[in-house]
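[1] structure, please.
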Amino acid sequence: MSSAFTTSVFYQDPLAALHWLEKAFGFETTLLVTDDAGAVGHAEMSFGGGSINVGGEWSSPELIGPAAMKSPASLHGQATHLIRVHLEDGIDDHCARAEAAGAQITQRPEDQFYGARVYRALDPEGHVWAFDQTISDLSHADMERASGLKIATSL
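    Numbers count the residues shown, from 1 in each chain. Just a heads-up that it's a prediction; the model follows:
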């Protein structure tokens with residue numbers, strides 16, 4: 001069964017990104033579409049039952065109007081989204097693997113009030129990645145007590 005949502009990330013060098021995402025985060029390339037020159041037209045990767053699309057920068061007024069799909073590297077480091085990935089276990093080892101592969105760790109693994117251990121990293125082109133691992137199953141009341149925040153499931 002496919003997910004209702006799949007995010008896409010765009011790179012100046014998508015082929016290098018595919019190799020890096022495999023090495024750093026353990027993603028697996030499941031589809032690679034290239035042109036006659038070997039340039040990536042589209043790629044899909046999987047991890048832990050989820051998927052992500054990877055492609056090169058592009059624009060097309062006919063398809064997406066004035067929008068342009070860009071890497072943060074082309075936008076002076078500005079990112080428009082964060083990619084969150086859930087890990088079943090091994091978050092500290094995952095962080096070490098990512099850092100050894102060149103990820104910039106912006107937040108070291110840390111336990112959060114909502115029952116997860118989280119780390120955040122930037123890939124070589126500046127995409128923001130957040131990895132989390134559940135460490136305890138907390139009720140909303142437990143999270144509210146721990147944080148002082150009000151937690152609801154609807155508006």
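
[2] name the nearest residue to the residue nearest to the spatial centre of the chain, sequence neighbours excluded.
    In the chain, the residue lying closest to the centroid (Cα atoms, centre = their mean) is residue 83, at 3.0 Å. Closest residue in space to residue 83, ignoring its immediate chain neighbours: residue 129 at 5.2 Å, by Cβ to Cβ, 6 or more residues apart in numbering. From N, CA and C alone the C-beta is placed, and that goes for glycine too.

[3] wait, the one you found sits on residue 86?
    No: counting by Cβ atoms under 8 Å, residue 86 is not a contact partner of residue 129; they are 12.0 Å apart.

[4] between those two, who's got more neighbours?
    residue 129 (20 against 15; other Cβ atoms under 10 Å).

[5] now the helices for this structure?
    14-25, 61-64, 91-100, 140-147 (DSSP state H).

[6] show me the contact partners of the last one.
    What that stands for is helix 140-147. Counting by Cβ atoms under 8 Å, 6 or more residues apart in numbering, helix 140-147 makes contact with 113-115, 138, 149-153, all of which sit outside it.

[7] dump those residues into CSV; add pLDDT as well.
    Formatted as CSV, the contacts of helix 140-147 follow (pLDDT from 0 to 100):
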residue, pLDDT
113, 96
114, 96
115, 97
138, 94
149, 96
150, 95
151, 95
152, 93
153, 93
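
[8] may I see the ChimeraX selection of the buried members of those?
    A single ChimeraX command is used to select the members of those judged buried by 16 or more other Cβ atoms under 10 Å:
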select :114,115,138
